[in-house]
Structures are given as C-alpha cells and as structure tokens.
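In: Make a model of this:
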Amino acid sequence: MEKVITTEQIPIKLWLNDIEEGALKQAKNLANLPFAYKWISVMPDSHQGYGMPIGGVLATKREIIPNAVGVDIGCGMCSLRTNFEEIESEDLKKIMGIIRETVPVGFSHHSEKQDEKWMPESDKNLPIVEQEYESAMSQVGTLGGGNHFIEIQKGSDGHIWIMIHSGSRNIGYTVAQHYNEKAKEMNEGASEKVPEDLSFFPMGTDEFANYMNEMNYCIEFALNNRKLMMERVKNAFAEVLNDVEFSGFINKPHNFASWENHFGEDLIIHRKGATRARKGELGMIPGSQGSSSYIVRGKGNSESFESCSHGAGRVMSRTQAKKTLDVQEESKNMEERGIIHAVRSKSDLDEAPGSYKDIQKVMDYQTDLVDIEIELQPLAVIKG
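Out: From the prediction side, this is the model:
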C-alpha cells in the first residue's frame, strides 16, 4: 500500500501514488457514504469511472449499489495453457483468421442463436433477463468492444497461452441500466442522501433481491460467454495444429458484488474493475496489447478486502488517446517485437499501448496483494 487518506468519513487506502483527480473525488464520495464499511480500497490500475473509480473496492453490510458493479456485469478474464512451447508465425496467422470468422467482435452478434446449453439456468424471478433472453442467445460467444480482447501469449513457463477478456454483452448492460434507474428513483425520497450515481438498494427490499438475482445471472452469462469463445479459439488451434492439448483454465470476474466474510462480518464486497485475490487463489492481470500480462496468486491481503488490480488501467481517456497518440509509432513498437496487433488506424488508438499505465509499475505497487506466477508476452491479439 502506498498511502492512506484520512480526510473523509472513513479512510481511503491507495495502492498507487498518482491517482487522477476525478478518480480521487469518486473515492472520496464512496468514503463519505453513510453505510461504507471500514475503508475504501483503491487498486493501482485505478482511473475515473462512472460513480465509482475503476479499480475501486467498497464493502457494505446491507446495501448494494448497481453503479459500484458497473454496466458490464461480470466482465472478466479467462485463460488456459496449451501444450505447445512454440508456434510458427504462419500458423498463428491462420489461427487468428479462423477466430475472426467464428467469434464476432464489436457490435456484431452471431447470425444464429447459439446452443441453449450456454445460457445459464435459474429458478429466480428475472424480469430483465427474461426480456433479453432470446437476443442474448445470439450474443453469447461474442467479444464486444472497448478493451475486450482475445490474445495468444508466450509464457515464462515455456508454454503458449490463450487469454480472453469480455463481459455480459447487452443483457448485462440492460440489467445494469434498469436497476440503476430504479435505485435513483428509490433514493430520491430517502432520508439518507447519497450522490445520484451511487444510488443503492437496502437489503430487505424487493429491488435488492431482484438486482442481486439478475446480477448473479449476468455473472454466469459472462462466464459462459468467455467459455464459448474459448471453445471457438481451441477449435481454431486444433484446426491448424496437430495434437494440441489445453489445461489450467482460470476464470476471474472483475465487475461484481458478492457476499463475503471479512473481519468476522458478512459483507457485500463491490469490486468495479478489481479482481478477488484470496490467499492461494490464481488470477490474471493483463497489460496492454504491447506489454506483458501476468498469471498471479493472491496473498489474501485483508487491507484490500482480498483484492488486486484487474489490469494496467488507463493513463488517458479514449478521446485523448485518439488525439495525442501516433498510429505509426504505436504500431512500430509492437511490430518490432513481432506482435500481431490491432492498431491499424487512428480509431484504434484508444486501445494502443500508450493509452495504458506502465504494467511493471502497476505490478510493483501490489507486491503485498499478489505474487507473480507466470509472465505472459503478447504474440497476437484481436480487439473488440
């Protein structure tokens, strides 16, 4: 931990020393919530979000805040290891071509509904999920946009790895938007005033139960979304390479809230752009498409509510990146290292390596949160 801010109602514990003004203001808003528990933890990849900073961790006893989970409910990463230690450039290009044909990216969906086995089952009352269910059957197994990616990597363990970052697509977004509006309506007449973008549901209300049920469904949908994409990537490998095997599947969401026990209390831990890092628990911390990613093992640090960063974190906004970064320079740095990258025009600069924090510094800030198990170097990437 780098420093503690004690000017607000409860402390803010920071695992970085260069937090941007907007993210700090949001962390202070969290620290002044009448129901925030113990302290606010801010991870080293933190930057300004909506309502709550990305990389923020908030504990409550009886309250849930939809915006402290975010609009991409259940967004996260999964990875697995192949038995291959090397991969020829031509084979890699063939694999990437097959992936592009079988995994829709950006706003694209499958032209046909996918097998219903990829849709989570539930016996709960899920009105928004029910409304979005049919369209979600065409969205499962799709990447989405923004910072979502499929990346082929070379590990320090000598193996080729696959990592995928994606979320709950439109079904999660619709659930998030619906319940955030409901929370704002409920909080308008409340005696405990909170910032509008941190509107909450108290436990015991129907809205609390409904949001928790639909949120948990979307977390499962996001996992199945990643699993189906991983199946398509595995198929692409098998189509190009002989005797390829896969093992070591890891899945970690980083936009979610869950009941957990900390300090002898049952708490709702909100993680928005933060990953759980219990003692001995494996996780992933990706860099950018031009920098290392890491397989890590959690240390179970109670100061962070057993959390760590979910990535490198942005150092500039998407708009600023497109205005200030240079396509040729960003591309050249990756091409010199032989990376098949996704920076081809000015519109791609919002996901260029230069728009992200230095992943080495981010990892240095959290040595008390995780141990590095494997360093992964990018070989080829598909971006949303």
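
In: lowest-pLDDT helix or strand in this structure?
Out: helix 327-335 (a mean of 89; mean pLDDT, DSSP states H and E).

In: And that one, how far out from the chain middle?
Out: 26 Å (CA atoms, centre = their mean, to the nearest Å).

In: Give the buried residues for that helix.
Out: By 16 or more other CB atoms under 10 Å, the buried positions in helix 327-335 come out as Val327, Glu330, Ser331, Asn333, Met334. Using the backbone N, CA and C atoms, a C-beta is placed for each residue, glycine as well.

In: roughly how far apart are the nearest residue to the fourth one once chain neighbours are set aside and Ala342?
Out: Nearest residue to Asn333, sequence neighbours excluded (CB to CB, 6 or more residues apart in numbering): Gly290, at 6.0 Å. From Gly290 across to Ala342, the span is 10 Å (CB to CB, to the nearest Å).

In: about what we covered before: a markdown table please, covering the buried residues of helix 327-335 and showing distance to Ile99.
Out: Converted to a markdown table, the buried residues of helix 327-335 look like this (distance: CB to CB, whole Å):
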| residue | distance to Ile99 |
| --- | --- |
| Val327 | 24 |
| Glu330 | 22 |
| Ser331 | 21 |
| Asn333 | 24 |
| Met334 | 18 |
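
In: out of the residues you listed, who's nearest Asp243?
Out: Met334 (30.2 Å; CB to CB).

In: got a list of what that closest one touches?
Out: Met334 makes contacts with Gln289, Gly290, His341, Val343, Pro353, Pro378, as judged by CB atoms under 8 Å, 6 or more residues apart in numbering.

In: from those, which would you call buried?
Out: Those of those that meet the buried threshold are Gln289, Gly290, His341, Val343, Pro353, Pro378, by 16+ other CB under 10 Å.

In: Would you mind giving those as TSV with secondary structure, pLDDT and distance to Gln360 added?
Out: Output for these, formatted as TSV (DSSP: H, G, I helix; E, B strand; the rest coil; pLDDT from 0 to 100; distance: CB to CB, whole Å):
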residue	secondary structure	pLDDT	distance to Gln360
Gln289	coil	92	16
Gly290	coil	91	13
His341	coil	91	19
Val343	coil	90	21
Pro353	helix	91	13
Pro378	strand	97	15
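
In: Now the two most distant members of these.
Out: Most distant of the buried ones among the contacts of Met334, by CB to CB, are Val343 and Pro378, 12.2 Å apart.

In: got any residues that touch both of these two?
Out: Shared contacts of Val343 and Pro378 (CB under 8 Å, 6+ apart): Gln289, Met334.

In: Give me the phi and psi for the residue nearest to Asp197 when sequence neighbours are not counted.
Out: Leaving out its chain neighbours, the residue that sits closest to Asp197 by CB to CB, 6+ apart is Gly51, at 3.5 Å. Main-chain dihedrals, Gly51, degrees, to the nearest 10: phi 90, psi -50.

In: how deep is Gly51 tucked in, by neighbour count?
Out: The tally of other residues near Gly51 (other CB atoms under 10 Å) stands at 20.

In: residue contacts, it?
Out: Gly51 touches Gln26, Asn29, Ile65, Asn67, Ala68, Pro195, Asp197, Leu198, counting by CB under 8 Å, 6+ apart.

In: List the contacts of the second one.
Out: Spelled out, it's Asn29. Going by CB under 8 Å, 6+ apart, the list of residues near Asn29 reads Gly51, Pro195, Leu198.

In: do the same with the third one
Out: Contacts for Ile65 were tallied using CB under 8 Å, 6+ apart; they are Gly51, Met52, Leu58, Ala183, Leu198, Ser199, Phe200, Ala257, His270.

In: which SS state does the closest residue to His159 other than its chain neighbours fall under?
Out: Excluding its sequence neighbours, the residue lying closest to His159 (CB to CB, 6+ apart) is Arg81, at 4.9 Å. Secondary structure assignment for Arg81 (DSSP: H, G, I helix; E, B strand; the rest coil): strand.

In: Next: Val296.
Out: Under three-state DSSP, Val296 comes out as strand.

In: about what we covered before: dump the contacts of Ile65 to CSV, plus distance to Phe249, secondary structure and pLDDT.
Out: Putting the contacts of Ile65 into CSV (distance: CB to CB, whole Å; DSSP: H, G, I helix; E, B strand; the rest coil; pLDDT from 0 to 100) gives the following:
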residue, distance to Phe249, secondary structure, pLDDT
Gly51, 33, coil, 95
Met52, 30, coil, 97
Leu58, 29, strand, 98
Ala183, 35, helix, 96
Leu198, 35, helix, 97
Ser199, 37, coil, 97
Phe200, 34, coil, 96
Ala257, 24, strand, 98
His270, 26, strand, 98
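
In: Distance to Ser41 added to those, as CSV?
Out: Shown next, in CSV, are the contacts of Ile65 (distance: CB to CB, whole Å):
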residue, distance to Ser41
Gly51, 16
Met52, 12
Leu58, 8
Ala183, 23
Leu198, 16
Ser199, 22
Phe200, 19
Ala257, 14
His270, 11
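
In: Which among those residues count as buried?
Out: Using 16+ other CB under 10 Å, the buried ones in the contacts of Ile65 are Gly51, Met52, Leu58, Ala183, Leu198, Ser199, Phe200, Ala257, His270.

In: from those residues, which is closest to Leu126?
Out: Nearest to Leu126 among the buried ones among the contacts of Ile65, with distances taken as CB to CB, is Ala257, at 16.7 Å.

In: For the residue nearest to the closest one when sequence neighbours are not counted, give me its contacts.
Out: Spatial nearest neighbour of Ala257, excluding adjacent residues (CB to CB, 6+ apart): His270 at 4.6 Å. Residues counted as contacts of His270 (CB under 8 Å, 6+ apart) are Met52, Gly56, Val57, Leu58, Ala59, Thr60, Ile64, Ile65, Ala68, Val69, Ala257.

In: same question, Pro253
Out: Pro253 neighbours (CB under 8 Å, 6+ apart): Gly74, Cys75, Gly76, Ile219, Ala222, Leu223, Thr275.

In: what do you get for Gly273?
Out: Here Gly273 is in contact with 43, 45-46, 49, 53-56, 70, 254-255, 310-311, 313 (CB under 8 Å, 6+ apart).
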